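**Student:** What would the 3D arrangement of this be:
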Amino acid sequence: MIQAKGIEKSFGTLKVLKGLDFSVSKSEVVSIMGASGAGKSTLLQILGTLSTPDSGSLLIDGVDVLKLKGDKLARFRNLRIGFVFQFHHLLPEFTAIENVMIPAFIAGRSRKDAEQHAAQLLFDLGLSDRLTHKPSELSGGEQQRVAIARALINSPAVLFADEPSGNLDSRTKEDLHNLFFELRDKYGQTIVIVTHDPDLAKMCDRSMYMVDGQFV
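**Tutor:** Just a heads-up that it's a prediction; the model follows:
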């Protein structure tokens, strides 16, 4: 599902990624750990097509994404990649279901189709009674579940999560961790998670550790 080879990235004279190789199979859940500054988030941004490497190659679901530009890259990202961040970035003026529907509208789907799919995802994530609630009316864990539903609305090939439970209490965190594996079992989802949480890393199919821009 993901095949990255020789990924290098520098910011000025600071070389953050040093010829890194990384691959993930379909329906695999992989965690990436490492100290702050190791290059984890930089790698995730490159894998998620939010940033471009200085050199190397990257295939996602068989597509050479480094050759995509402009609208083609934006459409690929919208349809094939889902993102979940530590801070959910929900739009405060919209309800839960409206937040989930936004990427579907960007993809050109009809309101009826988007609404039905969003409602089903929120039902699957245990939020069937929260559809019309705005983010301020939801708990932190509920907001993060809405963010996950939003990431899944276009049935992406890969779900990338950057410290997804870093802002949650221990009980909510455990529920969220279990949720990722339920998503994999139900939807066959491929998931890459950057985390500092050793409990989450232990649950994954593989856990990889970064030091100074390389895996060790």
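**Student:** what sits against the residue sitting nearest the centre point of the chain?
**Tutor:** Centroid check for the chain by CA atoms, centre = their mean gives Phe160 as the closest residue, at 2.2 Å. For Phe160, the contacting residues are Leu44, Leu47, Gly48, Ile81, Gly82, Phe83, Val84, Ile191, Val192, Ile193, by CB atoms under 8 Å, 6 or more residues apart in numbering. In this view, the C-beta of every residue, glycine as well, is placed from N, C-alpha and C.
**Student:** can you rerun that using 6 Å?
**Tutor:** By CB atoms under 6 Å, 6 or more residues apart in numbering, the residues touching Phe160 are Leu44, Gly48, Phe83, Val192.
**Student:** Let's verify the last one: helix, strand, or coil?
**Tutor:** Here Val192 is strand, with the state taken from DSSP: H, G, I helix; E, B strand; the rest coil.
**Student:** Compute the inter-axis angle for the lowest-mean-pLDDT helix or strand in the chain and strand 190-194.
**Tutor:** Evaluated with mean pLDDT, DSSP states H and E, the helix-and-strand set of the chain has its lowest mean pLDDT in helix 170-187, which scores a mean of 78. Comparing the axes of helix 170-187 and strand 190-194 via axes from the mean of the first three to the mean of the last three CA atoms, to 10 degrees yields an angle of 150 degrees.
**Student:** just checking, what packs against the strand or helix carrying Phe83?
**Tutor:** Under DSSP states H and E, the secondary-structure element containing Phe83 is strand 81-85. Using 3 or more CB pairs under 6 Å, 6 or more residues apart in numbering; DSSP states H and E as the contact criterion, the neighbours of strand 81-85 among helices and strands are helix 140-152, strand 158-162.
**Student:** Can you list the strands that it pairs with?
**Tutor:** strand 158-162 (parallel) (DSSP bridges).
**Student:** Tell me the buried residues in stretch 58-65?
**Tutor:** Neighbour-count burial for stretch 58-65, with 16 or more other CB atoms under 10 Å as criterion, is recorded at Leu58, Ile60, Asp61, Val65.
**Student:** Bridging across strands, which residues link to the second one?
**Tutor:** Here Ile60 sits in beta bridges with Ile2, Val63, going by DSSP bridges.
**Student:** Could I get the pLDDT score of it?
**Tutor:** Ile60 is assigned a pLDDT of 92 by the prediction.
**Student:** How about the last one?
**Tutor:** In this prediction, Val65 carries a pLDDT score of 92.
**Student:** what's near enough to touch it?
**Tutor:** Shown in contact with Val65 (CB under 6 Å, 6+ apart): Thr49, Leu58.
**Student:** The third one now?
**Tutor:** Residues in contact with Asp61, defined by CB under 6 Å, 6+ apart, are Met1, Ala157.
**Student:** cool, and the first one?
**Tutor:** Going by CB under 6 Å, 6+ apart, Leu58 touches Ala4, Val65, Leu66.
**Student:** so what secondary structure elements neighbour the strand or helix carrying Met208?
**Tutor:** Applying DSSP H and E as the criterion places Met208 in strand 206-211. Secondary structure elements in contact with strand 206-211, counted by 3+ CB pairs under 6 Å, 6+ apart, are strand 29-34.
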